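Chemist: fold the stuff below for me.
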Amino acid sequence: MLLKKTLFAAATAVLATLAAGVVHAAPEKPECIAPAKPGGGFDLTCKLVQSALQNGYLDAPMRVTYMPGGIGAVAYNTVIANRPAEAGTVVAFSGGSFLNLAIGKFGKYTEKDVKWVAAVGADYGAVIVKADSPYQSLKDLIEATRANPGKIVYGAGGSVGSQDWMKSALIAKQADVNYRSMRYVAFEGGGEAMTALMGGHVQAYTGDASEVAAHLKGGRVRVLAVLAPERLPGELAAIPTAIEQGYKVDWTIARGYYMGPKVTDADYQWWTAAFDKMLASPEFDKLRQERGLFPFALTGQKLEDYVSKEVKRYAELAREFGLIAQ
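Modeler: Residues are numbered from 1 along each chain as shown. As a prediction, the model looks like this:
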């Protein structure tokens, strides 16, 4: 009788677990969408999860696809309107996605129209010039811009109002330089902007720290400042922050993934559980470091709360710069 009761209790527990959606099969066709062309932060974010999930999480390899347009707008709208229930599809996001949501660049949709899965790392803004640039410090670049704002062309992975534009505008405001007089060239993602910098088509690029590691090793670029609260460890340890140089600008960028709004709770829970396990592993920490990202981990509801707060914060910043009505 005791054995029967034990077996019955075990079976009941398994059924309850299955009903709750905790035990669920891995997606059959895993895909990560990078909302830009290859190269740059979105591509890096997808390649990170692609590598991490090979360590026993998926039965099938994850593919990375590219969906450029509007610095994330095309991907956001496509997933919501046309691919809302795909269990195996995650889309890369960054802090810039929150800014675009705040100023309405994703159209009619808001941050509440997708399922936010996981934030897996932090990146930081960086002010980058070519290695042979005459500008040796952030002050050199700012003073040259002040003297002749039409001569210094800034590249940005996005148009006016994007996060790359906002980084340079914030620095200019700190230096009492009229950011409206500065020249910008918009590119579809960080990869294109970096290529333009290498080609001499722009004089500076306000990109991300994670994008510059390989270029630094090759001696092709110089980083004038990182937009972090304090100096970053590792290969970027010798680079001063903007704050050290007298410009109080901190641009921290969360990187992670979201899913379509009609993905089932069970499938969504599979992803959040996989990320919770992954984020706690030393293997993932190593992969994250290799891609120049720094520890930052939120999943599920905690991430949704964070996104909501960030969108509100960016909306306030956008009003300050006249990007949206007061």
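Chemist: just the strands in this protein please.
Modeler: 31-34, 63-66, 89-94, 115-130, 153-156, 183-186, 204-208, 221-227, 252-259, 298-299 (DSSP state E).
Chemist: compute the inter-axis angle for the fourth one and strand 252-259.
Modeler: Angular relation of strand 115-130 and strand 252-259 on a 0 to 180 degree scale: 140 degrees, by axes from the mean of the first three to the mean of the last three C-alpha atoms, to 10 degrees.
Chemist: show the average pLDDT along strand 115-130.
Modeler: Here strand 115-130 scores 96 as its mean pLDDT.
Chemist: same question for the second one.
Modeler: Per-residue pLDDT values across strand 63-66 average out to 98.
Chemist: do the same with the fifth one
Modeler: This predicted structure assigns strand 153-156 an average pLDDT of 92.
Chemist: what helices and strands are in contact with it?
Modeler: helix 163-174, strand 183-186, helix 190-198, strand 204-208 (3 or more C-beta pairs under 8 Å, 6 or more residues apart in numbering; DSSP states H and E). No exception for glycine: its C-beta is placed from N, CA and C like everyone else's.
Chemist: of those, which approaches G95 most closely?
Modeler: G95 lies closest to helix 163-174 among the helices and strands packed on strand 153-156, at 6.2 Å (C-beta to C-beta).
Chemist: what does the closest one contact?
Modeler: 94-96, 99, 125, 127, 138, 142, 145, 154-159, 178-179, 182, 184, 186, 190, 193, 204-207, 227, 242, 246-249, 251, 253, 317, 321 (C-beta atoms under 8 Å, 6 or more residues apart in numbering).
Chemist: returning to that earlier point: from the helices and strands packed on strand 153-156, which stretch is densest packed?
Modeler: strand 204-208 (a mean of 28; mean count of other C-beta atoms under 10 Å).
Chemist: and it with helix 190-198, angle?
Modeler: On the basis of the same axes, to 10 degrees, strand 204-208 is oriented at 150 degrees to helix 190-198.
Chemist: so what are the sheet partners of strand 204-208 and their directions?
Modeler: Sheet pairing here is set by DSSP bridges, and for strand 204-208 it gives strand 115-130 (antiparallel), strand 153-156 (parallel).
Chemist: give me the contact list for that strand.
Modeler: With contact meaning C-beta under 8 Å, 6+ apart, strand 204-208 is reached by 41, 123-129, 133, 135, 141, 152-157, 164-165, 167-168, 171, 190, 193-194, 196-197, 224, 253.
Chemist: how about 7 Å then?
Modeler: With contacts defined as C-beta atoms under 7 Å, 6 or more residues apart in numbering, strand 204-208 is touched by 41, 123-129, 141, 152, 154-157, 164, 167-168, 190, 193-194, 197, 253.
Chemist: what does stretch 177-187 give?
Modeler: 142, 145-146, 149-150, 152-160, 165, 168-169, 172-173, 193, 196, 202.
Chemist: nearest the geometric middle of this structure, what residue?
Modeler: For the chain, the residue nearest the mean C-alpha position is S94 (2.2 Å; C-alpha atoms, centre = their mean).
Chemist: what bridges to that residue?
Modeler: Here S94, judged by DSSP bridges, has bridge partners R255.
Chemist: likewise F294?
Modeler: Under DSSP bridges, the beta-bridge partners of F294 are A122.
Chemist: quick check: it vs G190, distance?
Modeler: 17 Å (C-beta to C-beta, to the nearest Å).
Chemist: quick check: which ranges of this protein have low pLDDT?
Modeler: Applying pLDDT under 70 to the chain picks out residues 1-24, 325-326.
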